[in-house]
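Trainee: Turn this into a model:
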Amino acid sequence: MSDRPVSVSTGNVPYTVTIHDGQHCWLGDAQPANGGADAGPDPESQVLGALGACTAITVSMVAARKQWPLTGVHVHLHYTQRGAGGTQISREIVLDGALDDDQRARLMDVADKCPIHRLLTGEVRIATRPRIELVATPGAVTP
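Mentor: Predicted coordinates:
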């Protein structure tokens, strides 16, 4: 799992944000039905995308390490809000290649061990605190 910090900033377009991880930069936005400009994926899609990417990468790494004939992984995700019952994420995984039944079963088990799956299903604590950054004022004298 990465310890690379991520920062998110608003800009001039309402609800559109720029996301940086120190090496990459991408946009996020609210859905148009919620006032967004559709300039990037909404936060829910980004979470599902993270789970799908992590699943495909983890399964591919294990198959490569074991030299199994996996030629592709396709992950399809959908989520449903269940009110007080929480959120249900449906994940369908297609494994391409001449894998036997045992290899397919083991790779499906591996999917639940990807770091994002464990993050989403484990106990998560979020510590939020204010961060004050001083912005230099032109002509101001700094002590």
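
Trainee: and this protein, what are its domains?
Mentor: Domain assignment for the chain by automatic domain parsing gives 1-41, 42-122.

Trainee: can you give me the offset of the last one from its chain's centre?
Mentor: Which is domain 42-122. 12 Å (Cα atoms, centre = their mean, to the nearest Å).

Trainee: and the end-to-end length of it?
Mentor: Separation of the first and last residues of domain 42-122 by Cα to Cα, to the nearest Å is 23 Å.

Trainee: Please apply the same query to stretch 36-46.
Mentor: In stretch 36-46, first residue to last residue: 15 Å (Cα to Cα).

Trainee: now stretch 32-50
Mentor: Across stretch 32-50, the terminal residues are separated by 22 Å (Cα to Cα).

Trainee: mean confidence for it?
Mentor: The average pLDDT for stretch 32-50 rounds to 96.

Trainee: Same question for stretch 129-137.
Mentor: 80.

Trainee: With stretch 102-112 instead?
Mentor: Rounded mean pLDDT across stretch 102-112 is 98.

Trainee: neighbouring contacts of that stretch?
Mentor: 55, 58-59, 62-63, 66, 68, 70, 91, 93, 95, 99, 117 (Cβ atoms under 8 Å, 6 or more residues apart in numbering). Any C-beta I mention is one placed from the backbone N, CA and C, and that applies to glycine too.

Trainee: Over to stretch 60-71?
Mentor: With Cβ under 8 Å, 6+ apart as the test, stretch 60-71 has contacts from 59, 73, 95-99, 103, 106-107, 110.

Trainee: Please indicate which of those are buried?
Mentor: Buried by 16 or more other Cβ atoms under 10 Å: 59, 73, 95, 99, 103, 106-107, 110, out of these.

Trainee: and these, which two are the farthest apart?
Mentor: By the measure Cβ to Cβ, 73 and 106 form the most distant pair in these, at 13.7 Å.
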